[in-house]
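Student: Fold the stuff below for me.
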Amino acid sequence: MSRKKSADPELAHRLSRRGMLGVAAGASAAAVLGASAVPAAAHGSAEHSTGRGPSPAKGKGQPVLTPGRLGVQLYSLRDKVSTLGFAQVFDELERFGYDEIEFAGYTQGTAGAITLPQLKRLAKDHGLKAIGSHVNYYDNNNPNAYSFAQNLTKVLDDAQALGLEHIGTASGPFRYGSTVDAWKRAAADFNAYGEAARRRGLKFYQHNHAEEFSFATDRPDVRLYDVLLAETDPNLVYLEMDIYWAFAGQFRFSRTPEGRPAPFDPLRYVLKQPHRYPLFHVKDGIADIAARDGYRMVDVGDGDIDYKGFISAVNKTRDGRRTHHWQVEHDQPVDSIAFARKSAAHLHSLREKC
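Tutor: Presented below is the predicted three-dimensional model:
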């Protein structure tokens, strides 16, 4: 990031105060800019030298994953939810050892209608805690859309009916454009949703993709994600880091549009403000510098992202093992049930060294 004096003193003050400008790059970020140009997360421990994730653990040492905190984003299983229904999907998730679920809609498609009280009971009967849900940020073309902007009361009513702790959106804050002021406006929206959620005993959150780490069109020295963090109230707006997309953003946006180095490390964002990241998406990828995002998405455990190191680092923050939730996800799994099974087995196998 540029160290020149900001043309927006108020924004510069907020960015500096919250410690988010110039997020220090770790060794992994440096690798993105190095001669190898291999995505950063592919580097590190020897267990990644084969181009795959950690080998199965031998059962020794403390589990990396905190017991009770393994979840799955149900978007990954949308095909099975639609055709088989939640009950059969929850049967499988319980068998695989999942503790939590994150919703991406409350309907079953061809599997038939289900009410929210029925859905809440069904999850409880399978030992699954509904931890959060993704809802659209806005749909300006539909005043009756099921979104935060168009139907906030209904969105929060449903979250409460399901007994959720978190209610959020996977929509990017691009409602008003990609300028600094546009993201300030989006941040004001998020603060309002966060305040409304807090009054209901809920936490509002935003889930990132790669583009959140791009730069403002009117200020190529300002990363948009930094504007979001600086302009939202940390007591009202929380973040769900999609780790895969954050590393894809690192690969794509470690240089400004003008070509100047602007490295960042996704983990550093979390370690600076761990309380703002209660939720994570655990999504894996094989490093591929020919791909737009620097990775090709694969099942968790089949790729190069060092989840053992990432989760361990977050666990070491204050109350880290008690305050974070890990949701596995794959946008387009070849076999969604096999993905859920393999991902759970892999994450349960990760252990700290004795």
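Student: tally of neighbours for Pro261?
Tutor: 13 (other Cβ atoms under 10 Å). C-betas here are computed from N, CA, C, even on glycine.
Student: what's the answer for the one 3 residues further on, then?
Tutor: Here the count is done by other Cβ under 10 Å, and Phe264 has 26 residues near it.
Student: Could you pull up phi and psi at it?
Tutor: phi -150, psi 160 (degrees, to the nearest 10).
Student: Same question for the one 3 residues further on.
Tutor: When quoted as degrees, to the nearest 10, the phi and psi of Leu267 stand at phi -60, psi -30.
Student: So it sits against Ile311, correct?
Tutor: No. Using Cβ atoms under 8 Å, Leu267 is not in contact with Ile311, being 10.2 Å away.
Student: give the contact list for the residue nearest to Leu116 when sequence neighbours are not counted.
Tutor: Spatially, and ignoring its direct neighbours in sequence, Leu116 is nearest to Ala161 (4.4 Å; Cβ to Cβ, 6 or more residues apart in numbering). With contact taken as Cβ atoms under 8 Å, 6 or more residues apart in numbering, Ala161 is in contact with 116-117, 120.
Student: closest to Glu212 among the residues you listed?
Tutor: Leu116 (30.4 Å; Cβ to Cβ).
Student: All the strands of the stretch 151-300 of the chain, in order from the start?
Tutor: Using DSSP state E, counting those that start in this stretch, the strands of the stretch 151-300 of the chain run over 166-169, 203-207, 237-242, 279-282, 284-287, 295-298.
Student: hang on, Asp302 packs against Ile286?
Tutor: Yes. Judged on Cβ under 8 Å, Asp302 makes contact with Ile286 at a distance of 7.3 Å.
Student: returning to that earlier point: export the strands of the stretch 151-300 of the chain to CSV and tack on mean pLDDT, distance to Arg223 and mean neighbour count?
Tutor: CSV is the format used below for the strands of the stretch 151-300 of the chain (pLDDT from 0 to 100; distance: least, Cβ to Cβ, whole Å; neighbours: other Cβ atoms under 10 Å):
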stretch, mean pLDDT, distance to Arg223, mean neighbour count
strand 166-169, 98, 20, 24
strand 203-207, 98, 15, 24
strand 237-242, 98, 14, 24
strand 279-282, 98, 20, 26
strand 284-287, 98, 22, 23
strand 295-298, 98, 20, 20
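Student: May I see the buried residues of stretch 147-159?
Tutor: By 16 or more other Cβ atoms under 10 Å, the buried positions in stretch 147-159 come out as 147-152, 155-156, 158-159.
Student: what's it in contact with?
Tutor: Contacts of stretch 147-159 (Cβ under 8 Å, 6+ apart): 106, 116, 133, 135-140, 142-146, 167, 169, 175, 189, 193, 196-197, 200, 202.
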